[in-house]
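Peer 1: Mind looking at a prediction? Sequence and model below.
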Amino acid sequence: MSRGTKLSLDLGASWGEGWSMEEEKTSKVLALLDPSAHRLVFQKEKRRGKIVTLVGPFSLDEAEAQKTLSSLKKSLACGGAYKEGWMEFQGDISSKVREALEKLTFKFKK
């Protein structure tokens, strides 16, 4: 095998009669909740040596979650992202995030 080529493991077999190597992706349908019905938790992770604060799980539609995240990032002066129902914020700012989300009527687990 020459350098720079990928190894192909396809043998040319025909799968026929409904056989397929592709898995069916099931979509998760979340019930959309009011902010007061959420029970959020905090998690801390280290990514590339930096601390990231995770808050979630949120049951919001994508547009509403992005709108909420944008307003939180502006008020907290930090970066962040919304991935798979969790909001990620750069830094160890859980107390500030908690205060900001409680102003927006979100609730937390004790």
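Peer 2: Cool, the structure landed. Numbering: from 1, shown residues only.

Peer 1: Residue 93 and residue 78 touch, don't they?
Peer 2: Yes: judged on CB atoms under 8 Å, residue 93 makes contact with residue 78 at a distance of 6.3 Å. For glycine as for every other residue, the C-beta is placed from the backbone atoms N, C-alpha and C.

Peer 1: low pLDDT regions in the chain?
Peer 2: 1-30 (pLDDT under 70).

Peer 1: Longest helix in it, please.
Peer 2: Longest helix of the chain, by residue count under DSSP state H: helix 62-76.

Peer 1: Give the other helices and strands that it contacts.
Peer 2: In terms of contacts (3 or more CB pairs under 8 Å, 6 or more residues apart in numbering; DSSP states H and E), helix 62-76 is packed against strand 80-83, strand 86-90, helix 94-103.

Peer 1: List the contacts of the most centrally placed residue in the chain.
Peer 2: What sits nearest the mean C-alpha location of the chain, by CA atoms, centre = their mean, is residue 83, with 2.0 Å. By CB atoms under 8 Å, 6 or more residues apart in numbering, the contact list for residue 83 is empty.

Peer 1: same question, residue 81
Peer 2: By CB under 8 Å, 6+ apart, the contact set of residue 81 is 69, 87, 88.

Peer 1: one more time with 6 Å, if that's ok
Peer 2: Contact analysis of residue 81 by CB atoms under 6 Å, 6 or more residues apart in numbering lists residue 88.

Peer 1: cool, residue 52 as well?
Peer 2: By CB under 6 Å, 6+ apart, the residues touching residue 52 are 45, 88.

Peer 1: Secondary structure of it: a helix, I assume?
Peer 2: No: assigned with DSSP: H, G, I helix; E, B strand; the rest coil, residue 52 falls outside any helix and is strand.

Peer 1: What's opposite it in the beta bridge?
Peer 2: residue 45, residue 90 (DSSP bridges).

Peer 1: How much space separates it from residue 41?
Peer 2: Separation of residue 52 from residue 41 (CB to CB, to the nearest Å): 15 Å.
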